[in-house]
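*Asks:* no sequence for this one, just the structure:
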Ligand SMILES: Nc1ncnc2c1ncn2[C@@H]1O[C@H](COP(=O)(O)OP(=O)(O)O)[C@@H](O)[C@H]1O
Ligand SMILES: O=C(O)[C@@H](O)C(=O)COP(=O)(O)O
């Protein structure tokens, strides 16, 4: 293994795995595997980039730090020399963390400072300019992320957001420096380190900026950011002849299918409305779940009875409904109950023969795949920006698409099932 990634959620892990597997246009990327949690044994032979998926975005900061350091140890033991801490391109976090505490703990463990922090992902409309994060043409706090059920983002100045979470000063490298080229970026990061800045927000508004930053990070032990920051990293290994490049072969998995959605993000709600207009769809009501009125076997039957018709089960609701449920039961309580239900449902469905599964939502995906014990996942073709086909390596093979809440076109669900089956 050359490169090791610690991802703070499971959809984010797929996103960065996709970026590393793709690499730069015309050159290709690294042979990449996604791991669900920290594996017990060694990585399979031939893996050049290993992505450890944690569910550490919304847990107490001290626990997120503990898990991230354990992931770092495992990746180091596999031989990785460069490490990426992957967080959300919308910088999902709270005043307590977990981006700052985990970033600083990894920097300390690796003995570095002047570490890049860049959530930009222009392919999905996320750009950083003057230290502010945009989603398409909106500032972060007007993008819908201000209503996120677990990590509402109400400040677009991510230097200020990060300062609230960190012990050391936070630096900033502006776009003009990035436009001046990779040597200028490397110099600016070295100056930031000399000033005692551990994490440094770096502006990036287009893919070329990320390629420039990637070149500046050749040999840097630690990189932090959204999946975009990984864009230029495979090139450094390929240019040195340590990796061959190229792209992963598309895998195909036939068999019964389901879509499970727990994301309440705008894009997912649009995808649900679109899909439900032409396919069987069942809403899980948070009040019913909290009162123990939701029958797991009813949900299983709904999926099995609708085999071949792309059945969807969702708890997703608009911000007012989510806020009311959180007020009644508590934010974590309702999230845990819904995530637990989706996890048990997925387990039962796989036991009943399900082979293709699309999940919408990072926390939801974490709960679902943690319940499945799938081992390493090979990363295949990209379905939409940031979402690849994933195929488990055990028998029977399970095809998965773990979709970040705000990713994907409006017809994503149907498209993903077709890509998993190799029919589109
Ligand atoms: N109807 C609902 N009421 C309250 N919380 C919900 C509801 N539906 C889903 N949730 C919770 O909201 C959170 C959504 O987070 P996540 O799955 O990460 O989606 P995203 O990728 O959009 O951030 C999950 O913890 C989920 O259980
Ligand atoms: O960086 C991103 O936007 C995604 O990879 C991601 O982490 C999104 O998280 P969720 O919206 O919670 O799925």
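*Replies:* Received the coordinates, thanks. The structure displayed is predicted, hence computed values, not measured ones. Ligands and ions are numbered 1, 2, ... in the order given.
*Asks:* and stretch 205-219, does that touch ligand 2?
*Replies:* No. Judged by CB under 6 Å from any ligand atom, stretch 205-219 stays clear of ligand 2, getting no closer than 13.1 Å. Heads up, the C-betas are built off the backbone N, CA and C, glycines and all.
*Asks:* buried set for that stretch?
*Replies:* Within stretch 205-219, the residues that qualify as buried are 205, 207, 209, 210, 211, 212, 213, 214, 215, 216, 217, 218, counting by 16 or more other CB atoms under 10 Å.
*Asks:* What is the neighbour count of the closest residue to residue 162 other than its chain neighbours?
*Replies:* Among residues not flanking residue 162 along the chain, residue 170 sits closest, at 4.8 Å (CB to CB, 6 or more residues apart in numbering). Number of residues near residue 170 (other CB atoms under 10 Å) recorded here: 23.
*Asks:* ditto for the one 5 residues further on
*Replies:* The tally of other residues near residue 175 (other CB under 10 Å) stands at 17.
*Asks:* next one: the one 4 residues further on
*Replies:* Neighbouring residues of residue 179 were enumerated by other CB under 10 Å; the total is 14.
*Asks:* Residue 394 now?
*Replies:* Neighbours of residue 394 (other CB under 10 Å): 10.
*Asks:* Give me the three-state assignment for it.
*Replies:* Of the three states, residue 394 takes coil according to DSSP: H, G, I helix; E, B strand; the rest coil.
*Asks:* now do residue 409
*Replies:* State at residue 409, reduced to three classes by three-state DSSP: coil.
*Asks:* hang on, the earlier thing: does the residue nearest to residue 162 touch residue 202 like I think?
*Replies:* No. Counting by CB atoms under 8 Å, residue 170 stays clear of residue 202, with 11.4 Å between them.
*Asks:* how near is the residue nearest to residue 162 to ligand 2?
*Replies:* Counting by CB to the nearest ligand atom, to the nearest Å, the gap from residue 170 to ligand 2 is 20 Å.
*Asks:* Tell me the bridge partners for that residue.
*Replies:* residue 199 (DSSP bridges).
*Asks:* pLDDT value on it, please?
*Replies:* On pLDDT, residue 170 comes in at 98.
*Asks:* can you list residues touching both of residue 170 and residue 202?
*Replies:* residue 117 (CB atoms under 8 Å, 6 or more residues apart in numbering).
*Asks:* Contact residues of the stretch 201-350 of the chain facing ligand 2?
*Replies:* Applying CB under 6 Å from any ligand atom, one finds that the stretch 201-350 of the chain approaches ligand 2 through 226, 227, 265.
*Asks:* make it 5 Å
*Replies:* Contact residues, the stretch 201-350 of the chain versus ligand 2 (CB under 5 Å from any ligand atom): residue 226.
*Asks:* ok, back up a step: got the contact list for the residue nearest to residue 162?
*Replies:* Neighbour list for residue 170: 117, 159, 162, 163, 197, 198, 199, 200, 201 [criterion: CB under 8 Å, 6+ apart].
*Asks:* can you tell me which of those residues lies nearest to residue 76?
*Replies:* residue 198 (19.7 Å; CB to CB).
*Asks:* count of residues packed around that closest one?
*Replies:* Residues near residue 198, counting by other CB under 10 Å, number 24.
*Asks:* The nearest residue to it once chain neighbours are set aside and ligand 2, how far apart?
*Replies:* Nearest in space to residue 198, with sequence neighbours left out and distances taken as CB to CB, 6+ apart, is residue 168 at 4.0 Å. Using CB to the nearest ligand atom, we find residue 168 at a distance of 24 Å from ligand 2.
*Asks:* Now for the residue of the stretch 1-150 of the chain found nearest ligand 1, how many residues are close by?
*Replies:* For the stretch 1-150 of the chain and ligand 1, the shortest gap (CB to the nearest ligand atom) falls at residue 149, measuring 3.8 Å. When neighbours are defined as other CB under 10 Å, residue 149 has 24 of them.
*Asks:* pretty sure it contacts residue 332?
*Replies:* No. Using CB under 8 Å as the test, residue 149 is too far from residue 332 to be in contact (10.1 Å).
*Asks:* Next up, phi/psi of residue 306, please.
*Replies:* phi -110, psi 20 (degrees, to the nearest 10).
*Asks:* For the spatially closest residue to it that is not a sequence neighbour, give me its contacts.
*Replies:* Distance criterion CB to CB, 6+ apart; nearest residue to residue 306, sequence neighbours excluded, is residue 280 at 4.3 Å. Neighbour list for residue 280: 302, 306, 309, 310, 311, 312 [criterion: CB under 8 Å, 6+ apart].
*Asks:* From the buried residues of stretch 205-219, which land in helices?
*Replies:* Counting by DSSP state H, these place 207, 209, 210, 211, 212, 213, 214, 215, 216 in helices.
*Asks:* Which pair of these spans the longest distance?
*Replies:* Greatest spacing in those, by CB to CB: 207 and 216 (15.0 Å).
*Asks:* Tell me how far the closest residue to residue 163 other than its chain neighbours lies from ligand 1.
*Replies:* The spatial neighbour of residue 163 that comes closest, neighbours along the chain excluded (CB to CB, 6+ apart), is residue 170 at 5.0 Å. From residue 170 across to ligand 1, the span is 24 Å (CB to the nearest ligand atom).
*Asks:* So for stretch 368-376, mean pLDDT?
*Replies:* 91.
*Asks:* Kindly apply the preceding question to stretch 268-278 instead.
*Replies:* Mean per-residue pLDDT for stretch 268-278: 98.
*Asks:* Just checking that stretch against ligand 1, any contact.
*Replies:* No. Using CB under 5 Å from any ligand atom, stretch 268-278 never reaches ligand 1; the gap is at least 5.9 Å.
*Asks:* How about residues contacting that stretch?
*Replies:* With CB under 8 Å, 6+ apart as the test, stretch 268-278 has contacts from 259, 261, 281, 310, 312, 314, 316, 318, 360-361, 403, 405-406, 408, 410-414.
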